[in-house]
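>>> Have a look; sequence and predicted model below, questions after that.
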Amino acid sequence: MATPIKTPGRVAAPGQGGVGDSPLRPDGTLKVAGEFAYSSDLWMDGMLWGATLRSPHPRARIVSIDIGPALATAGVHAVLTHEDVPGNKMFGLDETEDQPVLAIGEVRHQGEPIALVAADHPEIARRAMEKIAIEWEVLEPITDPRAVVADPERLKVQERGGITRHQPVRVGDVDAARAQAEVVVSGEYEVGIQDQAFLGPESGLAVPTEDGGLDMYVSTQWIHNDLMQIAPCLGLAEEQIHMTMAGVGGAFGGREDLSMQIHAGMLALHTGKPVKMSYNRYESFFGHVHRHPAQMRYEYGATKDGKLVYADVEIILDGGAYTSSTQNVTGNAASLGVGPYEIPNIKIDAWGVFTNNPPCGAMRGFGAVQACFAYESMMDKLAAACGITPVQARQRNAVSQGSKLATGQVITAPAPLAEMLARAEAMPLPPAADTTDIRNLPGGASQTTHGEGVVRGVGYGVGIKNICFSEGFDDYSTARVRLEVIGGEATALVHTAAAEVGQGLVTLKAQIARTELGIQRVTIAPADNTIDSAGSSSASRQSYMTGGAVKTASEAVRAELLAMARRKLGHRMDDRGADDLSVVGGKVVSRSAGVLASVEEVLGEDVIEETRKYHHRPTTGMDPVTGQGDSHTQLALCVHRAVVDVDVDLGLVKVVEMAAVQDVGKILNRLSLEGQIHGGSAQGLGLAVMEEIVVTGGLVRNPSFTDYLIPTILDMPPMRLDILENPDPDAPYGLRGAGEPPTLSSTPAVVAAIRDATGKALTRVPVRPEHIIA
Amino acid sequence: MRVNFTVNGSKETVDDVWEGESLLYVLRERMGLPGSKNACEQGECGSCTVYLDGVPACSCLVAAGQVEGREVRTVEGLAQGSTGSDQQLDPVQEAFVEAGAVQCGFCTPGLIVQSHDLINRVPDPSDAEIREALAGNLCRCTGYEKILDAVRLAASRKAAAQ
């Protein structure tokens, strides 16, 4: 079998730099040269193109399917339906398995896959798909998530009912506290559907092997979880599938669920030929789950000086037709539903429901984003009601080390929220816009006034995010580190199955190996399933978990290197033994005898290889009635201040500046870290003012980058960053996961700033011009 | 159909091109040049930007037949020398890596071609000029701050070299 012309290879980590430095990305040169092998770049002689026929209806019965004319098309090699699924016909994340590989008799959302075509050319496949004749019985879609909560037995998309999960949280006595409250504020809030909008389309290559298995090159966030779902559906043992991570063009949660993996595998097994699939942008909007839209009702009671006494909260998350990760998203929304504030009496009810709206699952921030918009809006309302500033209202209720979350879990690591707020407030404010240049006005070059109606506003937002998987899940990671002399220089090969999705884990793994092994040259092996799981590139967890695994494996290699030095060079040491040996700058050093030898001399022809699994501290589930439990591994805070100019006549917003204060425990790589905070803030800005998948009657109205807008370089303002390092004693190097928190807090900060400028209530994101001029 | 055009300085002939194929498809799937990226294929994201007769264009919006007899330069044609140790990246490419402007990298080839063109036209661009020039290139990872850094760095290096 020919090998693909472009496949992921080992990358040498250039230059120097351990933990705390900012060395260059090992894959950076390939990426800027256009030579990095993304999953849509794969190509093989004789390969076929796969395509997916999808449902035009959000809810309908399939009366009949006729594939005959499609199959008879010249250049078509296969047309497959659910009858051709070799193994299990259902799959799903988190062992729910409620999603058909291909629709069986009915469809539950627009875009649900129905049939597959393999052809010589993508256009032949597309035209063949048009010839598949389906007779439909169209049904009225179930699209109102609040109605499902009210009547889950009648409005059920899934056999088991309308509710995916209901998670209550109960602390104290809200009804009794209501009588004591001097100030009561309430609000209803709504969050639209946000899309991950990663730029690299869902794509990959499946290649049949001689033993009846498959080589799969895919872009995913978690190879092993993909494999657990793929193998049973293809009727193969996991050992028969070799998974290699192809280049990933961004993920943000949208690659946690499977997309084309099983489908390409089916076509490859059926035709005996390599099959490539690559969605276009239109299909991508239907090919992955989105961020859950939310409907939320909040009521807070407080003393007249702004100290919270109770919170009464309802959060409804619309998961669409299949479970995906809705259960865990709902858990996050419940446990983090009132944010990083101390409240003695709490009643939260969070629901994840099934509807025929677009399927929703993981996106950066994972259930914490939606609630954050609501609870931060409430803190501003509280401030206004009590006549204090937004920063004061937050500081008076802020958690700190030792505080209890709504779940009763004690925050054991530093959590200096009040200080972070003070630092955000103290940062200098940007000057007034130079209105002589129209590009500085809201609307930019499209401005139609001279800025007479432009008003400035300032707002704050705070977010708290759980880092690593929660609720009792042991999401361990695995690393193999191999040390040997190659070309006269000690070289470490680091191998994990962890997904590099752009975040810079590939750089960090090399930094950790350098720091722990005291050498410079590190090579990173491609991620695949010849090593055990690394868990998902989700939940801001890979620095913690795979970083922890690489650190632990490197420490084991170092220990063996020093033992080897003792065996081989003991005669050069005095008898104080081995405890004071270390590796520094490529040399094995004894405290008593100084430099003993270079690492190369110690190793000689020998190879040291160690594999280690790394686990975070155990967590517990949430009590199904009270929501109580030590459910989270680590908690991370970010504070944003946003400054906006709003044209109150035109309803246009320009975000002038964003400032972020984030506590990351330990800066491992400042350059990558800043990129995470910038990028996360940009996605939050997008949710605040532009990003929404618009759905009516279960149908998506804007599945393109023409109509679904993400921030451009004109929309994203300059940022000020203030990064704190209060270490978490439980985490490797004291680090705190950093990718998600800025995505939470930037949205409410921007909306608060628009409220400050306009005086409008603005209870829904994204904020649209009509909300401002209404 | 057959299409004859110059790619990265080399005259090429491509056979069996279906009339509906874009320049992007021909580069990626028929010529082994997948550096130009397929993120939206409708001219919104700029990931597929190439020089067409010296002017940046979205190769997804150019029909293959339109390039007959013309000159195309892709991201693969910006560095001097071939892949490997003798490869000398363009200063714009170097600056993108050094400034941290590359995360997932899918938008990077298009941004590099567009930035390369900007610095050729405007050797010392202001921030407003950089933002205007790159407004048609979507990036989902970086929030654009490091991309601005990269363009400023590349411009200063090119100026210093001249």
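Structure's in. What do you need? Numbering: from 1, shown residues only, chains lettered A, B, ... in the order given.

>>> Which secondary structure elements does the longest helix along chain B sit against?
Longest helix in chain B by number of residues (criterion: DSSP state H): helix B:145-161. When contacts are defined as 3 or more C-beta pairs under 8 Å, 6 or more residues apart in numbering or on different chains; DSSP states H and E, helix B:145-161 sits against helix A:670-689, helix B:91-98, helix B:108-121, helix B:127-133. Using the backbone N, CA and C atoms, a C-beta is placed for each residue, glycine as well.

>>> could I get stretch A:472-491 in PDB with only the CA atoms?
Below are the C-alpha coordinates for stretch A:472-491, written out as PDB (Å, rounded to 0.1, in the frame of the first residue of the first chain):
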ATOM      1  CA  GLY A 472     -15.300  11.700  39.300                       C
ATOM      2  CA  PHE A 473     -13.800  11.200  35.900                       C
ATOM      3  CA  ASP A 474     -10.200   9.900  35.800                       C
ATOM      4  CA  ASP A 475      -8.900  11.600  32.700                       C
ATOM      5  CA  TYR A 476      -5.300  10.500  33.000                       C
ATOM      6  CA  SER A 477      -2.600  11.100  30.500                       C
ATOM      7  CA  THR A 478       0.300   9.000  29.300                       C
ATOM      8  CA  ALA A 479       3.800  10.000  28.100                       C
ATOM      9  CA  ARG A 480       6.800   8.000  26.800                       C
ATOM     10  CA  VAL A 481      10.200   9.600  27.000                       C
ATOM     11  CA  ARG A 482      13.200   8.000  25.300                       C
ATOM     12  CA  LEU A 483      16.700   9.300  25.800                       C
ATOM     13  CA  GLU A 484      19.600   8.200  23.600                       C
ATOM     14  CA  VAL A 485      22.600   9.600  21.800                       C
ATOM     15  CA  ILE A 486      21.800  10.400  18.200                       C
ATOM     16  CA  GLY A 487      24.500  11.900  15.900                       C
ATOM     17  CA  GLY A 488      26.700  12.500  19.000                       C
ATOM     18  CA  GLU A 489      24.100  14.400  20.900                       C
ATOM     19  CA  ALA A 490      21.800  13.300  23.700                       C
ATOM     20  CA  THR A 491      18.300  13.400  22.300                       C
END
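
>>> And it, what's buried?
Within stretch A:472-491, the residues that count as buried by 16 or more other C-beta atoms under 10 Å in any protein chain shown are A:473, A:475-485, A:490-491.

>>> re earlier: tilt between the longest helix of chain B and helix A:670-689?
130 degrees (axes from the mean of the first three to the mean of the last three C-alpha atoms, to 10 degrees).

>>> Need the contact partners of helix B:145-161.
With C-beta atoms under 8 Å, 6 or more residues apart in numbering or on different chains as the test, helix B:145-161 has contacts from A:671, A:674-675, A:678, A:713, A:716, A:718-719, B:91-92, B:94-96, B:98-101, B:111, B:115, B:118-119, B:123-125, B:127, B:130-131, B:134, B:139.

>>> hmm, which of the residues you listed are the buried ones?
A:671, A:674-675, A:678, A:713, A:716, A:719, B:91-92, B:94-96, B:98-101, B:111, B:115, B:118-119, B:125, B:130-131, B:134, B:139.

>>> ok, back up a step: in TSV: the buried residues of stretch A:472-491, plus secondary structure and distance to chain B.
Formatted as TSV, those follow (DSSP: H, G, I helix; E, B strand; the rest coil; distance: C-beta to the nearest C-beta, whole Å):
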residue	secondary structure	distance to chain B
A:Phe473	coil	26
A:Asp475	coil	22
A:Tyr476	coil	25
A:Ser477	strand	21
A:Thr478	strand	24
A:Ala479	strand	22
A:Arg480	strand	25
A:Val481	strand	25
A:Arg482	strand	24
A:Leu483	strand	24
A:Glu484	strand	22
A:Val485	strand	21
A:Ala490	strand	21
A:Thr491	strand	17
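
>>> Just put those in JSON lines and tack on pLDDT.
Output for these, formatted as JSON lines (pLDDT from 0 to 100):
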{"residue": "A:Phe473", "pLDDT": "97"}
{"residue": "A:Asp475", "pLDDT": "97"}
{"residue": "A:Tyr476", "pLDDT": "98"}
{"residue": "A:Ser477", "pLDDT": "98"}
{"residue": "A:Thr478", "pLDDT": "98"}
{"residue": "A:Ala479", "pLDDT": "98"}
{"residue": "A:Arg480", "pLDDT": "98"}
{"residue": "A:Val481", "pLDDT": "98"}
{"residue": "A:Arg482", "pLDDT": "98"}
{"residue": "A:Leu483", "pLDDT": "98"}
{"residue": "A:Glu484", "pLDDT": "98"}
{"residue": "A:Val485", "pLDDT": "98"}
{"residue": "A:Ala490", "pLDDT": "97"}
{"residue": "A:Thr491", "pLDDT": "97"}
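
>>> who wins for proximity to A:Leu569 among the helices and strands packed on helix B:145-161?
helix A:670-689 (37.8 Å; C-beta to C-beta).

>>> Sheet-wise, list the partners of whatever helix or strand comes next after the closest one with their directions.
Moving toward the C-terminus from helix A:670-689, the next helix or strand (DSSP states H and E) is strand A:695-696. Within its sheet, strand A:695-696 is paired with strand A:699-700 (antiparallel), according to DSSP bridges.
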